[in-house]
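S.K.: Mind looking at a prediction? Sequence and model below.
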Amino acid sequence: MIYNQDLRKKLIENAFNKKMGHVGSALSSLDCVNYLFDQIMAPEDIFILSKGHAAMALYTVLEKYGKKPDWTMHPELNEEKGIYATTGSLGHGLPIAIGRAYAKKIKGTGKVFVLLGDCELAEGSIWESFMLLNRLKLDNLFVFIDWNKYGGLTDPVSETVGLDGENIAAKLRAFGFNTIILDGHDEKELKTINQLKDGKTIVILDTIKGKGVETLEKTHFHGYYFHQNPEEYKKALADLI
C-alpha cells in the first residue's frame with residue numbers, strides 16, 4: 001500500500017477542483033512533509049517549502065492539521081495559516097530558513113525544517129546559503145532535498161543540470177555537511193530522521209515524481225492539469241484505491 005494514500009487522493013481531488021498544476025512535484029514531496037508534521041515537528045517549530053511549486057503537498061498536510069491555507073499556485077507568506085515564506089521562484093527558501101533559524105537560535109524558540117528540490121540546486125543562492133549555514137553552525141536547521149529526478153522539463157535533472165543523488169551528496173560533503181539518502185516514500189526509512197540531533201546532516205530523499213499516479217510517474221509532467229484531462233483524473237483516483 002502506498003504511504004499516505006488518502007492524502008494523495010485529497011491532493012488529486014483538490015488539484016482537479018481548484019484547477020491547479022504541479023501535481024507531480026507535490027506527490028513526490030508529500031510523504032516527507034507529512035512525516036515532519038506528524039512525527040518530528042513540535043509546536044514551536046516551523047516548516048518552509050523552498051520548492052514552492054510543490055505547494056499542494058504543504059496545503060494538504062496543513063489542512064490535515066486544522067489549518068486553512070489559501071490554495072494559491074505557490075505559497076504566500078501567512079504565518080497564521082502555516083506558511084512561513086513566500087516561495088516559488090527557486091533559491092529563496094533556504095536563505096529565508098537560515099534567517100529564521102538564526103533568530104530562533106538567539107531566542108531559544110524551536111527548530112526550522114526546509115525542503116529543497118533537486119533542480120533547485122542549480123541556483124547559486126542555494127550554495128551561498130550552504131556556505132553561510134556551515135559558518136553559522138546552526139544546529140536547529142534541518143535541510144531536506146527532494147531528489148525526484150526531474151525539474152521543470154521532462155528531461156532528467158542528471159542531464160539538464162548534471163545532478164544526481166550521489167554527486168549531490170559529494171558536493172554537500174565538500175561544503176562541510178554529512179549526507180544520507182533515504183527512500184522518501186518509505187515510512188520505515190523516514191524514521192531515520194528521528195535520529196538527527198542537529199543540522200550537520202542533510203537528507204537527500206530518493207523519490208518518484210508523481211508517486212502513486214501511473215500517468216504522472218511515466219510522463220514526469222511538471223505542470224500537469226487534471227481538470228484539462230478528466231479521464232486521466234478518473235484513472236488517478238483509481239490508482240489510489
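M.R.: Yep, that arrived. Numbers count the residues shown, from 1 in each chain.

S.K.: where do the strands sit along the chain?
M.R.: 46-49, 112-117, 141-147, 178-183, 201-206 (DSSP state E).

S.K.: Show residues contacting the shortest one.
M.R.: I take that to be strand 46-49. By Cβ atoms under 8 Å, 6 or more residues apart in numbering, the residues outside strand 46-49 that reach it are 29, 33, 36-37, 41, 55, 57-58, 75, 82, 84-85, 87, 93, 96-97, 100, 110-115. The way it works is simple: take the backbone N, C-alpha and C, and place the C-beta from them, glycine included.

S.K.: Buried residues of the helix ranked longest in the chain, list them for me.
M.R.: Criterion DSSP state H: the longest helix present in the chain is helix 93-107. Of all the residues in helix 93-107, those buried under the rule 16 or more other Cβ atoms under 10 Å are Gly93, Leu94, Pro95, Ile96, Ala97, Ile98, Arg100, Ala101, Tyr102, Lys104, Lys105.

S.K.: Am I right that Gln5 is in contact with Asp239?
M.R.: No - using Cβ atoms under 8 Å, Gln5 makes no contact with Asp239, being 9.5 Å away.

S.K.: joint contacts of the two?
M.R.: Common neighbours of Gln5 and Asp239 (Cβ under 8 Å, 6+ apart) are Gly212.

S.K.: out of these two, which sits in the busier spot?
M.R.: Per other Cβ atoms under 10 Å, whichever of Gln5 and Asp239 has more neighbours is Asp239, with 18 against 12.

S.K.: which regions of the chain sit below the pLDDT cut-off?
M.R.: 1-2, 152-154 (pLDDT under 70).
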